[in-house]
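Visitor: Predicted coordinates and the sequence they were generated for:
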Amino acid sequence: MLSPLDNYYLQKEEPIKSCLGFLRQQILNFDPEITEALKYGMPFFCYKGKMICYLWVHKKYLQPYLGVVEGKQMTHPDLIIEKRARMKIFLVDASKDIPVRKVNAILKEMMGLYK
């Protein structure tokens, strides 16, 4: 039987499903202490018990994104704050190659907030 987390990803249609799956693995492989959990109906990633980021699909743009919990403290130019007070997001165009270097740069800056 599949976990609720696996079901979240499997319910998405391509190419969003593959994009989210790739981002999931990038995050989990970035640091061995990163874990994942389903919170508020979305996949959240935690570091030492603290929620650090999540994956979701933008309702307006219909694009997957990486949401960073403490994004307001980050300076990466591709992070967007929108109307959020604390979080910033990184939109990913699922129909194009995923910008792995940008994703890793965001993850590196994000993890610097917690280490």
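Guide: Now that the structure is in, tell me what you want to look at. Since this is a predicted model, take the numbers as computed values, not measurements.
Visitor: in the chain, which helix has the most residues?
Guide: Longest helix of the chain, by residue count under DSSP state H: helix 16-30.
Visitor: Buried by neighbour count: which residues of that helix qualify?
Guide: Buried residues in helix 16-30, counting neighbours by 16 or more other Cβ atoms under 10 Å, are found at 16, 19-24, 27, 30. For glycine as for every other residue, the C-beta is placed from the backbone atoms N, C-alpha and C.
Visitor: can you list these in a markdown table and add pLDDT?
Guide: As requested, the buried residues of helix 16-30 are exported to a markdown table (pLDDT from 0 to 100):
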| residue | pLDDT |
| --- | --- |
| 16 | 97 |
| 19 | 98 |
| 20 | 98 |
| 21 | 97 |
| 22 | 97 |
| 23 | 98 |
| 24 | 98 |
| 27 | 98 |
| 30 | 97 |
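Visitor: and of the residues you listed, the nearest to residue 10?
Guide: Residue 10 lies nearest to residue 21 out of the buried residues of helix 16-30, by Cβ to Cβ, at 9.3 Å.
Visitor: In which helix or strand does the residue nearest to the closest one when sequence neighbours are not counted reside?
Guide: Leaving aside its sequence neighbours, residue 21 sits nearest to residue 9 (Cβ to Cβ, 6 or more residues apart in numbering; 5.7 Å). For residue 9, the host element (DSSP states H and E) is helix 4-10.
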